[in-house]
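> Build me a model from this:
(2 chains)
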Amino acid sequence: MPPRAVHDRPILLEANGLAFLRNDEPIFGPLDFALRAGEIVLIEGDNGAGKTTLLRVLSGLLAPSAGEIRLDGEPLTLARLSPQVALLGHLSGLKLELTALENLRFAAGLLGVRAGLSPASALAAVGLDGYAEVAVRQLSAGQKKRVALARVLLAPVGLWLLDEPYANLDRDGIELVNRLLERHAHGGGAALITSHGAYAYTSGAPRRIPLRAEAGTEVRR
Amino acid sequence: MTAGTTAAACSALVRRDLTLVWRRRGDALNPILFASIVVALFPLALGPESENLRRIAAGVVFVAVLLAGLLALDALFRGDYEDGSLEQLVLSPHPLSLLLACKIAVHWLTTALPLIVLSPLLGELLHLPDAVRPVLVAALLLATPLLSLIGAVCVALTVGMHRSGMLLALLVLPLYVPVLIFGAGACNAAQAALPYAAPLLWLGAGLVLALVLAPLACAAALRISLS
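Modelled structure (predicted):
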C-alpha cells in the first residue's frame, strides 16, 4: 500500500515520552511513536534492550514510569485496553495437559472470537489441522508457538503485541507469521513485533523502532 | 468481531479448571490422603481409649482439614502464573475479580468439598459423638470456603516469588486462626451440649464478607505480583 495512505489512517496506539525504570535503572525510553491501523512495526534491539518490557508496558501489564500511552486518542487504562490487544509473550499461556483445541476453545470463551473464525479453523490457519486432539505437552516448541499464534489470531482485537513471534519456528512457520501479519494489517489491524534481528518481518519494509540497551543494564525479561 | 460475554468467560474458565483437575486427578487426591493419614495417626499415638479420642476428635479433624487445604493452596495460581495463562486472564476484557472468584470456587470444590464429605468418617475414626457430627459438617461447610478465600489473597500476593511456601504459611496461618477457633469452638460447644449457633453465625458473617472482598483483593494483589 502507498505510504501516504498509511498516514491518513487513524492512530491506534500512541506513546509520548514513554519510559520504564526498574529499581531506578532505566530499562528503555523515553520513546515517542504512533501506530496506525494497517501498520506493522518492528521493535529491534539486542538481548536486554527492553523489548519485552516495552510490550508488557504497552499491553497494560506494567505501568510506565514516565510518559503516557494513548489508545484511540485517549489515555490508557487496563480496562480500556484489554478488549483491544492480544499479547503473545515468552510464556505461551497454554495448558500442557489440554489439547490444542481445548486450549483454543478456552481462549474463545475468555476473549471471544474474530468474525469468520472458530477454534478449529484458527488451528487449521496455523497449519495444525491434524493436531486438534493432541495434548499440547506432546507438541514441539514450534508447534506450541503455532497454537499460541492461533490464539492471537482468534481474538477479536485490532492490536497485536507479539514478542519474538519467530522464535522456535521453521522456515514455513516464519512465512506463516508474515502471512498472518500481512492479512491482519490489510484487515485494518496493527501489530508491534519484537525481534533481535535474526528473523524478521520482511515484506513491505516495516517501520522499525530501535531499542538500545542502556549501559549497566543486564538481560531482563 | 464478537467479544464473549462475562458469563461465557466464567463458564469457559470453570470448565477448563475442572478438566485440568480431572487430567491430574492423582494430585487431587493428595489433600484427602493427607487429612486421612493425620487423623488415622492420632489413635496410634494416643492409644485407643475412646474417652481421650472423643474429647479431641472435632479439633483434630478441623486441624487436619485446615492443613490439607494449606498444602493445596500454593497450586491455586502457581500453574497459571508459570505458563502465562494468568497474564491472559488479566488481559481479558472481563472483571478479573469475577474470574478469580470462579477459580477459587473450583479450587474449593475439588480440594475442600471431598474432605467435607469424608469428615463424618474421619470423625468416626476418633469416636466423635453422633450429635456433634452435623455441627462439624456445618462448621466445615462455612469455614473451608472462608479459608480458601483468605488463602487465595495470600497466594496472589506471593505467587510472583520463587519458593514462597514458607512465606505463604506465615502469612496465612494468623488469618486462619480465628476461623479455626470459631469452627472448632462450635463443635466443642455442641459436644458439651451448649448453644453452638453463635460461632457458626460468626463464620457465616466472615464468609459473606470474604466472598465480597477477597476476590477484589485477590485481583489487586495479582496485578502487583505480575508487575
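> CA only for contacts and neighbour counts going forward, please
Noted.
> Next, A:Ile43: secondary structure please.
strand (DSSP: H, G, I helix; E, B strand; the rest coil).
> check which helix or strand covers B:Met166.
B:Met166 is located in helix B:165-191, with elements delineated by DSSP states H and E.
> which intervals of chain B have sub-threshold pLDDT?
B:1-3 (pLDDT under 70).
> I'd guessed B:Phe62 sits against B:Ala184; true?
Yes: B:Phe62 lies in contact with B:Ala184 (CA atoms under 8 Å); the separation is 6.5 Å.
> Show me the shaky parts of chain A.
A:1-7, A:77-83, A:196-206, A:212-221.
> for chain B, what are the nearby residues on it?
A:59-63, A:78-79, A:82-83, A:87, A:89, A:91-95, A:97-98, A:105-106, A:108-115, A:156-157 (CA under 8 Å from any CA of the partner chain).
> Now the buried members of those.
A:59-63, A:78, A:82-83, A:87, A:89, A:92-95, A:97-98, A:105-106, A:108-114, A:156-157 (16 or more other CA atoms under 10 Å in any protein chain shown).
> For chain A, just list every one of the strands.
In chain A, the strands defined using DSSP state E lie at A:11-22, A:25-36, A:40-44, A:66-71, A:74-75, A:85-88, A:159-162, A:190-195, A:207-210.
> Compare the ones you listed and report which one is nearest to B:Leu167.
With CA to CA, the closest approach to B:Leu167 among the strands of chain A belongs to strand A:11-22: 23.9 Å.
> mind listing what that closest one pairs with, with the direction of each?
strand A:25-36 (antiparallel), strand A:66-71 (antiparallel) (DSSP bridges).
> Now tabulate those in TSV and tack on mean neighbour count.
What follows is those, written out as TSV (neighbours: other CA atoms under 10 Å in any protein chain shown):
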stretch	mean neighbour count
strand A:25-36	19
strand A:66-71	19
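> element containing the residue sitting nearest the centre point of chain B, please.
Closest residue to the average C-alpha location of chain B: B:Ser148 at 3.6 Å, with CA atoms, centre = their mean. Using DSSP H and E, B:Ser148 sits in helix B:133-158.
> what's around B:Ala205, how many residues?
14 (other CA atoms under 10 Å in any protein chain shown).
> mind checking which helix or strand it is in?
Assigned by DSSP H and E, B:Ala205 falls within helix B:197-226.
> how many degrees apart are that helix and helix B:165-191 in direction?
170 degrees (axes from the mean of the first three to the mean of the last three CA atoms, to 10 degrees).
> Can you list the buried residues in helix B:197-226?
For helix B:197-226, burial by neighbour count (16+ other CA under 10 Å) applies to B:199-200, B:202-204, B:206-207, B:210-211, B:214-223, B:225-226.
> How far away from the center of its chain is it?
12 Å (CA atoms, centre = their mean, to the nearest Å).
> wait, does it contact chain A?
Yes: Helix B:197-226 is in contact with chain A by CA under 8 Å from any CA, via B:Arg223, B:Leu226.
> neighbours of B:Leu99, just the number please.
As a burial measure, B:Leu99 scores 24 neighbours (other CA under 10 Å).
> Helix or strand for it, just tell me which one.
If you go by DSSP H and E, B:Leu99 is part of helix B:96-111.
> How about residues contacting the helix or strand following that helix?
Per DSSP H and E, the first helix or strand lying C-terminal to helix B:96-111 is helix B:113-125. When contacts are defined by CA atoms under 8 Å, 6 or more residues apart in numbering or on different chains, helix B:113-125 is touched by residues B:31-32, B:35-36, B:39-40, B:57-58, B:61, B:65, B:133, B:136-137, B:140-141.
> Format the CA atom coordinates belonging to helix B:113-125 as CSV.
The C-alpha trace of helix B:113-125 is given here as CSV (Å, rounded to 0.1, in the frame of the first residue of the first chain):
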residue,chain,number,x,y,z
LEU,B,113,-15.6,-30.5,49.3
PRO,B,114,-14.3,-34.1,49.2
LEU,B,115,-12.8,-33.6,52.6
ILE,B,116,-16.1,-32.3,54.0
VAL,B,117,-17.9,-35.4,52.5
LEU,B,118,-15.2,-37.5,54.2
SER,B,119,-15.3,-35.7,57.5
PRO,B,120,-18.0,-37.8,59.2
LEU,B,121,-15.9,-40.8,58.5
LEU,B,122,-12.8,-39.1,59.9
GLY,B,123,-14.8,-38.2,63.0
GLU,B,124,-15.8,-41.8,63.4
LEU,B,125,-12.2,-42.9,63.5
